[in-house]
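**Student:** My questions are about this predicted structure, shown below with the sequence.
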Amino acid sequence: MSSPNPASRLAFLGLLATASAFTACGGKQAPPQGTGAVPVTVVTLAPEPVTLTRELPGRTNAFLVAEVRPQVDGIVKQRLFKEGSTVEAGQPLYQLDDATYRAQYASARAALARAQATLNTARLNARRSTELVAINAVSKQDDENAVAALKQAEADVAAAEAAVQSASVVLGYARISSPIGGRIGKSSVTQGALVTANQSAPLATVQQLDPVYVDLTQSSVELLELRKALAAGKLNETRDLPVTILLEDGTRYEHDGRLAFTDVTVDPTTGSFALRIVVPNPDHILLPGMYVRALVGVGLRQDALLVPQPGVARDPKGETTAMVVDKDGKVEVRGVKVSRAIGDKWLVEDGLAAGDKVIVEGLQKIRPGVPVQPTEAGAAPPAAQPAAPSAANE
């Protein structure tokens, strides 16, 4: 009779060893794999104060704008500034040919001198007349005429002084100065050009760029919602909060602004109203007409609940849900309502409460009703449990 082959003998010895181990353990089988709690990472929700902001589009405008125009007629004799430079208030910008106005000023001064001489003569005559009428050397009527002539001479001097002042003002208008300090643009006229008083086209424009205005627009519907939230006590009104400015390329502007005023009129064509922000601009980075965005604080919510965005899912129907750990340590699906994103978190409006443990990691390994082993986000992972002794060692 032939002996059994080696493969059959090895299989028989393996079955014999398994049966021996089963007998030594009292007939107990090893527990099936996959029945333990699944490790997940959770975030325990806690109320916290949150300032709600609204991102609004806007345009920058100069803080002050002055269009330089002539107040007298004349020929431009000289331009006294460099285009694009910074000018001070009162700095001369143009010099007109003022020969005619100087002559008028000299004539007015001469008329004043003549009136003053006449006044001196009238004053002496009135003084002598007063002395003579006291001794009846002149008639009372002659004395009254002398006093009247003195008063008329005084009035003539006052009129002449006013004429000198008026001629001086007109002469000063021939030297056109900047009404404000700021950055001046290009000149619309050159030397030798004829300009006229109160002409429609400005000679140049001066703009003050530090600070600057940022004009925003906001929907009137949002304003009504904000007022309802304030009236219901859901939000606390915030005042004088800094306004963050975002440049056109998305970077944050280094200086924060402040709300100057809110317009009281709604544009009927757009259904929006205007807000004006004052922003420091020492380096003149913000130029008039630039498109920017502003994060404006709309209210303070004292007991806001924020849930990390990975913890909220959206199904094909658009419903948002979150998986939480219930009191039995199992997975529970909750329908939630979120309103806006604040950083990397959602602001919860309904469906979750303070103390809920929202699962943010390990979602792909769980399903509703499965027991889990939660670990708080940011906490150290639990120590590994020692391996169970094998059946062969029992």
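**Tutor:** It's in.
**Student:** Quick check: can you name the pairing partners of the longest strand belonging to the chain and their directions?
**Tutor:** Longest strand in the chain, counting residues (DSSP state E): strand 48-68. Strand pairing for strand 48-68, using DSSP bridges, gives strand 204-219 (antiparallel), strand 291-304 (antiparallel).
**Student:** Of the ones you listed, flag the one that's most buried.
**Tutor:** Neighbour counts (mean count of other CB atoms under 10 Å) averaged over each of those peak at strand 204-219, with a mean of 20. C-beta coordinates here come from the backbone N, C-alpha and C atoms, glycine included.
**Student:** Next, the buried residues of stretch 306-315.
**Tutor:** 306-308, 311-312 (16 or more other CB atoms under 10 Å).
**Student:** Just checking: what are the partner strands of the following helix or strand past the longest strand of the chain?
**Tutor:** Toward the C-terminal end, the helix or strand that comes next after strand 48-68 (DSSP states H and E) is strand 74-79. Within its sheet, strand 74-79 is paired with strand 92-96 (antiparallel), strand 194-195 (antiparallel), according to DSSP bridges.
**Student:** In the first one, which residues are buried?
**Tutor:** Counting neighbours by 16+ other CB under 10 Å, one finds that the buried residues in strand 92-96 are 93-96.
**Student:** rewinding a little: return the closest of the buried residues of stretch 306-315 with respect to residue 264.
**Tutor:** residue 306 (34.2 Å; CB to CB).
**Student:** Excluding chain neighbours, what is closest to the closest one?
**Tutor:** Leaving aside its chain neighbours, residue 306 sits nearest to residue 345 (4.1 Å; criterion: CB to CB, 6 or more residues apart in numbering).
**Student:** Give me the pLDDT for the one you found.
**Tutor:** Confidence at residue 345, expressed as pLDDT, is 86.
**Student:** quick one: it and residue 140, what's the gap?
**Tutor:** Distance of residue 345 to residue 140, computed by CB to CB, to the nearest Å: 102 Å.
**Student:** More neighbours: which of those two?
**Tutor:** residue 345 (20 against 10; other CB atoms under 10 Å).
**Student:** The more buried one touches residue 310, doesn't it?
**Tutor:** No: Residue 345 is not in contact with residue 310 according to CB atoms under 8 Å; the separation is 9.9 Å.
**Student:** backbone phi and psi for residue 268, please?
**Tutor:** phi -70, psi -20 (degrees, to the nearest 10).
**Student:** re the thing from before, any chance of the strands paired with strand 74-79 in TSV, plus distance to residue 281 and mean pLDDT?
**Tutor:** What follows is the strands paired with strand 74-79, written out as TSV (distance: least, CB to CB, whole Å; pLDDT from 0 to 100):
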stretch	distance to residue 281	mean pLDDT
strand 92-96	23	94
strand 194-195	32	93
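**Student:** Any chance of TSV for those, columns distance to residue 257?
**Tutor:** Formatted as TSV, the strands paired with strand 74-79 follow (distance: least, CB to CB, whole Å):
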stretch	distance to residue 257
strand 92-96	31
strand 194-195	39
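**Student:** and of these, who's closest to residue 353?
**Tutor:** strand 92-96 (67.8 Å).
**Student:** Quick check: next helix or strand after the closest one?
**Tutor:** Strand 92-96 is succeeded, C-terminally, by helix 99-134 (DSSP H and E).
**Student:** Now tabulate the buried residues of strand 92-96 in TSV and tack on distance to residue 216.
**Tutor:** Shown next, in TSV, are the buried residues of strand 92-96 (distance: CB to CB, whole Å):
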residue	distance to residue 216
93	34
94	37
95	42
96	42
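**Student:** which one among those residues gets closest to residue 105?
**Tutor:** Ranked by distance to residue 105 (CB to CB), the buried residues of strand 92-96 are led by residue 96 at 14.1 Å.
**Student:** Compute the distance between the closest one and residue 143, please.
**Tutor:** Applying CB to CB to residue 96 and residue 143 gives a distance of 52 Å.
**Student:** what's the burial count for residue 282?
**Tutor:** By other CB under 10 Å, neighbour count at residue 282 equals 10.
**Student:** so where does it fall, helix or strand?
**Tutor:** Per DSSP H and E, there is no helix or strand for residue 282.
**Student:** Just list the residues touching the nearest residue to it once chain neighbours are set aside, thanks.
**Tutor:** Distances taken as CB to CB, 6+ apart place residue 210 nearest to residue 282, at 5.6 Å, with adjacent residues excluded. Residues near residue 210 by CB atoms under 8 Å, 6 or more residues apart in numbering: 63, 280-282, 284.
**Student:** for residue 374, what are its contacts?
**Tutor:** Applying CB under 8 Å, 6+ apart, the residues near residue 374 are 40-42, 325, 329, 357, 359.
**Student:** Does it have any beta-bridge partners, and if so which?
**Tutor:** residue 40.
**Student:** So it versus residue 362, what's the distance?
**Tutor:** Applying CB to CB to residue 374 and residue 362 gives a distance of 9 Å.
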